[in-house]
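*Asks:* Quick one, structure for this:
(one chain, ligands or ions: 1)
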Amino acid sequence: TSAQIGVTGLAVMGRNLARNFARNGYTVAVHNRTVARTNALMEEFGHEGEFVATETAKEFVAALERPRRLMIMVKAGEPTDTVIQEFAPLLEPGDMIIDGGNAHFADTRRRERALREQGIHFVGTGVSGGEEGALHGPSIMPGGSKESYESLGPMLEKISAKANDGAPCVTHVGPDGAGHFVKMVHNGIEYADMQLIGEAYQLLRDVAGYSPAQIADIFRTWNTGRLDSYLIEITAEVLSHVDAATGKPFVDIVEDRAEQKGTGRWTVQIALDLGVPVSGIAEAVFARSLSGHADLRAASRGLAGPKATQLGEAAAFADRVEQALYASKIVSYTQGFHEITAGSTEYDWNIDLGAVASIWRGGCIIRAAFLDRIRAAYDARPDLPSLLSDETFAQEIAAAQDDWREVLVAATRQGVPTPGFSAALAYYDALRAERLPAALTQGQRDFFGAHTYRRTDREGSFHTLWGGDRSEVEA
Ligand code: NBP
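*Replies:* Numbering: from 1, shown residues only. The predicted model follows:
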């Protein structure tokens with residue numbers, strides 16, 4: 001039997017993707033560096049479909065029908081290069097290597113270029129949805145050549161999640177590293193979403209005085225409205241969970257130090273390189289980093305805070321927090337989509353933003369009803385300068401902004417840190433400002449470094465002779 005697809009790397013993700021392909025009727029060749037994993041898969045799940053278990057790279061490649069489709073699901077970084085070096089010499093022009101790991105898009109671009117010289121299609125593919133998604137339907141973000149998508153697309157569409165309207169959560173994102181780039185920004189947005197939810201929780205707890213169980217109920221209610229999303233849903237689950245050993249709320253017995261694997265950090269690093277202000281995502285990454293500085297936090301615990309003040313009605317405050325959360329969420333997505341636009345321009349990817357919103361509607365961690373509306377906004381106007389310029393979103397923020405500001409006043413007064421909410425509001429206010437202090441910055445730069453400035457009333461670059469008679473010269 002020849003297999004339509006092969007999966008090498010059979011840890012949680014690879015194993016579940018292989019099972020997903022098999023359950024959808026494909027014959028799947030499976031391979032892993034350590035053969036025990038392959039055997040375990042066959043023993044436990046071999047009955048689920050047609051698998052071809054292989055031990056060596058040669059056997060694995062020989063099991064695949066041509067052109068070969070070989071999917072790599074190993075640890076991202078060096079292991080991916082090792083595996084490519086192992087398999088590429090055994091492949092022929094027209095064959096496809098699909099990397100479903102969380103690769104950095106720059107690595108994907110490098111690998112794609114090298115393999116293209118051999119006539120091999122390298123398809124860097126973002127896969128989101130974790131272990132469960134891999135098995136039951138992830139959101140899939142393939143890059144690589146158009147030609148490879150013609151061959152792979154139908155298979156990926158079959159195993160992917162489906163949105164409410166039945167559309168598969170996969171699209172050809174764009175050439176070379178486009179898929180991994182979009183997956184990276186997805187994760188950056190995920191960081192921001194989680195941070196904003198965390199801030200809402202903290203405000204409901206410390207300002208409004210609700211218990212974790214009560215906050216879980218509030219999130220459940222929010223989940224029936226415009227915030228309807230996987231992350232809000234699981235937040236309610238986590239908050240209502242009680243620790244069996246102590247009987248305390250689970251959230252109170254977990255160490256408050258958030259970890260990260262790097263995709264959020266990449267999103268910010270690349271945004272800095274591209275000159276895109278993703279302040280909300282950056283604050284989310286910094287918030288995790290700050291939480292991990294245990295010594296610094298211990299040394300700072302005695303610093304002065306505000307006097308406790310009386311809050312009005314808690315329920316009314318909770319409604320305001322919902323407005324603040326929603327408005328801040330619109331801003332995070334605005335920033336994330338701006339980064340995708342900038343990447344697409346820089347690397348000539350021609351990414352369809354509406355299609356990206358569409359494939360995030362199901363399967364992935366940030367799946368949300370909200371994404372349907374982003375898709376609609378871009379479908380109506382593909383050249384939308386920013387999500388904030390969409391009329392519906394602009395109106396929603398207009399309606400939310402008073403409450404958003406009130407929440408931040410309360411947070412500031414009580415000393416509850418809200419870097420995500422605050423950065424989002426600052427971004428919003430800066431974008432809509434008639435004038436920014438950047439004019440003063442330009443003056444300072446011209447003063448100390450003769451960096452010149454532009455005038456509002458005439459073309460050209462100018463410099464003021466600050467150390468002399470302060471007359472202006474054309475630069
Ligand atoms: P891991 O990231 O834990 O990687 C384990 C796999 O990599 C095993 O199959 C292991 O083989 C193989 N491997 C390593 Br490590 N070094 C190797 C090498 N030098 N040569 C060949 N194989 C090597 O697995 P995972 O959590 O299933 O994730 C797989 C990929 O999917 C990663 O890139 C990850 O970032 C990405 N991803 C994960 C999730 C998630 O929720 N976990 C979600 C989305 C994407 P062995 O069995 O012989 O040690």
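
*Asks:* Toward the C-terminus, what is the element adjacent to the helix or strand containing F421?
*Replies:* Assigned by DSSP states H and E, F421 falls within helix 419-432. From helix 419-432 onward toward the C-terminus, using DSSP H and E, the following helix or strand is helix 438-449.

*Asks:* how far out from the middle of the chain is the helix or strand just after that following helix?
*Replies:* For helix 438-449, the succeeding helix or strand toward the C-terminus, using DSSP H and E, is strand 453-454. The chain centroid and the centroid of strand 453-454 are separated by 37 Å, computed with C-alpha atoms, centre = their mean, to the nearest Å.

*Asks:* Stretch 458-472 too?
*Replies:* Relative to where its chain is centred, stretch 458-472 has its mean C-alpha point 45 Å off (C-alpha atoms, centre = their mean).

*Asks:* Mind listing residues that contact the helix holding F421?
*Replies:* 192, 195-196, 198-199, 277, 279-280, 282-284, 286-287, 324-325, 327-328, 331-332, 334-335, 386, 388, 397, 401, 404-405, 407-408, 411, 436 (C-beta atoms under 8 Å, 6 or more residues apart in numbering). Where you see a C-beta, it was placed from the backbone N, CA and C, and this is true even at glycine.

*Asks:* redo that, cut-off 7 Å
*Replies:* Contact partners of helix 419-432, identified using C-beta atoms under 7 Å, 6 or more residues apart in numbering, comprise 192, 195-196, 199, 277, 279-280, 283-284, 286-287, 324, 327-328, 331-332, 388, 397, 404, 407-408, 436.

*Asks:* got the residues of the protein near the ligand?
*Replies:* 9-14, 32-34, 37, 73-76, 79, 82-83, 101-102, 127, 130-131 (C-beta under 6 Å from any ligand atom).

*Asks:* what about burial for the residues you listed, which qualify?
*Replies:* In the residues of the chain next to the ligand, burial by neighbour count holds for 9-10, 13-14, 32, 37, 73-74, 76, 83, 101-102, 127, counting by 16 or more other C-beta atoms under 10 Å.

*Asks:* okay if I get these as JSON lines plus secondary structure and pLDDT?
*Replies:* JSON lines is the format used below for those (DSSP: H, G, I helix; E, B strand; the rest coil; pLDDT from 0 to 100):
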{"residue": "G9", "secondary structure": "coil", "pLDDT": "98"}
{"residue": "L10", "secondary structure": "coil", "pLDDT": "98"}
{"residue": "M13", "secondary structure": "helix", "pLDDT": "97"}
{"residue": "G14", "secondary structure": "helix", "pLDDT": "98"}
{"residue": "N32", "secondary structure": "coil", "pLDDT": "98"}
{"residue": "R37", "secondary structure": "helix", "pLDDT": "98"}
{"residue": "M73", "secondary structure": "coil", "pLDDT": "98"}
{"residue": "V74", "secondary structure": "coil", "pLDDT": "98"}
{"residue": "A76", "secondary structure": "coil", "pLDDT": "96"}
{"residue": "V83", "secondary structure": "helix", "pLDDT": "98"}
{"residue": "G101", "secondary structure": "coil", "pLDDT": "97"}
{"residue": "N102", "secondary structure": "coil", "pLDDT": "96"}
{"residue": "V127", "secondary structure": "strand", "pLDDT": "97"}
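
*Asks:* So G336, which state does it fall into?
*Replies:* helix (DSSP: H, G, I helix; E, B strand; the rest coil).

*Asks:* so it makes contact with G188?
*Replies:* Yes - assessed by C-beta atoms under 7 Å, G336 is found in contact with G188 at 6.0 Å.

*Asks:* can you pull the contacts of A216?
*Replies:* A236, L239, S240.

*Asks:* Would you confirm that it belongs to a helix?
*Replies:* Yes - secondary structure of A216 (three-state DSSP): part of a helix.

*Asks:* Quick check: phi and psi on the closest residue to the ligand within the stretch 351-475 of the chain?
*Replies:* Closest residue of the stretch 351-475 of the chain to the ligand, C-beta to the nearest ligand atom: I365 (8.8 Å). Dihedral pair for I365: phi -70, psi -30, per degrees, to the nearest 10.

*Asks:* which neighbours do G336 and G188 share?
*Replies:* In terms of C-beta under 7 Å, 6+ apart, G336 and G188 are both contacted by the residues V278, I281.

*Asks:* For L227, which three-state class applies?
*Replies:* Here L227 is coil, with the state taken from three-state DSSP.

*Asks:* Residue ranges in the stretch 151-300 of the chain under the pLDDT threshold?
*Replies:* Applying pLDDT under 70 to the stretch 151-300 of the chain picks out no residues at all.

*Asks:* hey, where'd the helices end up in it?
*Replies:* 178-206, 212-222, 230-240, 250-253, 263-274, 279-291, 294-300 (DSSP state H, counting those that start in this stretch).

*Asks:* Return the set of buried residues in the third one.
*Replies:* With burial defined by 16+ other C-beta under 10 Å, the residues of helix 230-240 counted as buried are Y230, L231, I232, E233, T235, A236, L239, S240.

*Asks:* and which of the residues you listed is nearest the ligand?
*Replies:* So of the buried residues of helix 230-240, ranked by how close each gets to the ligand (C-beta to the nearest ligand atom), first place is Y230, at 13.7 Å.

*Asks:* Any figure for the gap between the residue lying closest to the closest one once chain neighbours are set aside and S328?
*Replies:* Nearest non-adjacent residue to Y230, counting by C-beta to C-beta, 6 or more residues apart in numbering: R367, 4.9 Å away. According to C-beta to C-beta, to the nearest Å, R367 and S328 sit 19 Å apart.

*Asks:* neighbour count winner among these two?
*Replies:* Of the pair R367 and S328, S328 is the one with more neighbours under other C-beta atoms under 10 Å, namely 31 against 24.

*Asks:* Now for that one: which residues touch it?
*Replies:* S328 neighbours (C-beta under 7 Å, 6+ apart): L196, G280, G420, F421, A424.

*Asks:* For it, give me the pLDDT.
*Replies:* We note a pLDDT of 98 for S328 in this prediction.

*Asks:* Please name the spatially closest residue to it (chain neighbours excluded).
*Replies:* Leaving out its chain neighbours, S328 is closest to A424 (C-beta to C-beta, 6+ apart), at 3.8 Å.

*Asks:* returning to that earlier point: got the contacts of S328 as JSON lines, with neighbour count columns?
*Replies:* Below are those laid out as JSON lines (neighbours: other C-beta atoms under 10 Å):
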{"residue": "L196", "neighbour count": "27"}
{"residue": "G280", "neighbour count": "31"}
{"residue": "G420", "neighbour count": "31"}
{"residue": "F421", "neighbour count": "27"}
{"residue": "A424", "neighbour count": "29"}
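
*Asks:* what's the closest of those residues to P175?
*Replies:* Checking the contacts of S328 against P175 by C-beta to C-beta gives G280 as the nearest, at 28.6 Å.

*Asks:* so that closest one sits right up against A192, yeah?
*Replies:* Yes - using C-beta under 7 Å, G280 is in contact with A192, at 4.8 Å.

*Asks:* shared neighbours, those two?
*Replies:* Common neighbours of G280 and A192 (C-beta under 7 Å, 6+ apart) are S332, G420.

*Asks:* Count the residues that sit near the residue in the stretch 251-400 of the chain positioned nearest to the ligand.
*Replies:* Per C-beta to the nearest ligand atom, K261 is where the stretch 251-400 of the chain lies closest to the ligand, at 7.2 Å. When neighbours are counted by other C-beta under 10 Å, K261 registers 10.
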